[in-house]
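1. next one to model:
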Amino acid sequence: MVKVSVIMGVYNCKDKKMLKKSIDSIINQTYSNWEYIICNDGSTDNTLEELNKIVQVDSRIKVISYDKNKGLNYALNMCLKEAKGTYIARQDDDDISLKERFKKQVDFLDKHSEYAIVGTLADVFDDSGKWGEYNVEEKPTKTSFYWNSPFMHPNIMMRKEALDNCQGYRISKETRRCEDLDLFMRMYAKGYKGYNIQEKLYEYRIVNDPKKKYRPMKYRIDEAVVRYKGYKAMHILNIKGLFYVFKPIIIGLIPQKILYHIKQKQY
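-> Residues are numbered from 1 along each chain as shown. Model prediction:
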């Protein structure tokens with residue numbers, strides 16, 4: 001029986017070499033009882049062709065596809081429908097999982113039934129190499145969601161039973177760019193909790209470019225809606241909570257250059 005189902009959505013992959021490295025990092029895991037489900041989310045370039053070439057190297061990899069782009073949350077739900085594993089692991093198409101990631105996450109969930117989510121720390125890199133670190137607290141609580149999501153979406157492993165109980169990723173206008181934050185808050189609202197292994201077991205790609213544009217305001221408004229609903233469901237929508245509801249909108253009003261310097265300090 002498969003223990004871990006790895007799920008990944010891909011749309012018009014810009015760096016095919018990085019895609020292969022990402023997939024290879026799963027193939028090279030020291031833990032081997034996994035299946036890898038990759039959803040081609042309506043790509044209009046040659047992404048599907050490249051995926052079909054890559055998957056030939058390992059029978060544990062499966063590609064599903066459809067013609068119209070529908071978003072990451074939809075793609076991941078399609079993967080979940082195919083998943084047979086007890087645990088669900090995420091992976092992004094331009095990131096790298098270190099070899100011991102799955103082994104340590106599976107060991108943790110096997111030994112700690114009180115947790116439904118387990119993440120890790122990460123190095124942050126781009127084409128120039130490592131430029132920062134992504135740190136998250138060890139034992140997030142509900143109020144940990146005030147500032148940012150206390151979990152890195154692409155390196156988490158979750159119990160499939162908990163995901164099914166939450167109906168997977170929510171498909172709506174406001175979850176287009178924050179499907180992970182929405183999911184984690186809904187899981188916490190149902191009484192599930194998570195843990196972050198305090199080891200860097202992942203390499204997270206974030207472009208370090210002062211000219212790179214941050215999220216448009218429409219997505220920031222969507223995040224505010226997600227925060228409002230999540231805080232309300234978790235019963236933390238107090239005065240402090242209301243302030244953090246508007247946090248993404250407030251940050252969106254800060255000039256680009258200042259945001260870049262804030263980002264540098266964050267990592």
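2. just the strands in the stretch 51-200 of the chain please.
-> With DSSP state E, counting those that start in this stretch as the criterion, the stretch 51-200 of the chain has strands at 61-66, 87-90, 96-97, 117-126, 129-134, 157-159, 194-205.
3. show me the residue at the heart of the chain, geometrically.
-> His153 (2.1 Å; CA atoms, centre = their mean).
4. so who does it touch?
-> 90, 180 (CB atoms under 8 Å, 6 or more residues apart in numbering). From N, CA and C alone the C-beta is placed, and that goes for glycine too.
5. for Lys70, what are its contacts?
-> Shown in contact with Lys70 (CB under 8 Å, 6+ apart): 41-42.
6. how about Asp94, what does it touch?
-> So Asp94 contacts 13, 15, 18-19, 22, 205 (CB under 8 Å, 6+ apart).
7. report pLDDT for it.
-> At Asp94, the pLDDT value in this model is 95.
8. from the contacts of Asp94, which land in helices?
-> 18-19, 22 (DSSP state H).
9. between the contacts of Asp94, which has the most around it?
-> Ser22 (24 neighbours; other CB atoms under 10 Å).
10. right, and that residue touches Ile61 too?
-> No: using CB atoms under 8 Å, Ser22 makes no contact with Ile61, being 12.0 Å away.
11. now the helices for the stretch 51-200 of the chain?
-> Ranges of helices in the stretch 51-200 of the chain, per DSSP state H, counting those that start in this stretch, are 72-82, 101-111, 160-165, 179-189.
12. quick one: which of those is nearest Leu253?
-> For Leu253, the closest of the helices of the stretch 51-200 of the chain is helix 179-189, at 20.2 Å, according to CB to CB.
13. helices and strands around the closest one, which ones?
-> When contacts are defined as 3 or more CB pairs under 8 Å, 6 or more residues apart in numbering; DSSP states H and E, helix 179-189 sits against helix 72-82, helix 160-165, strand 194-205, helix 217-234.
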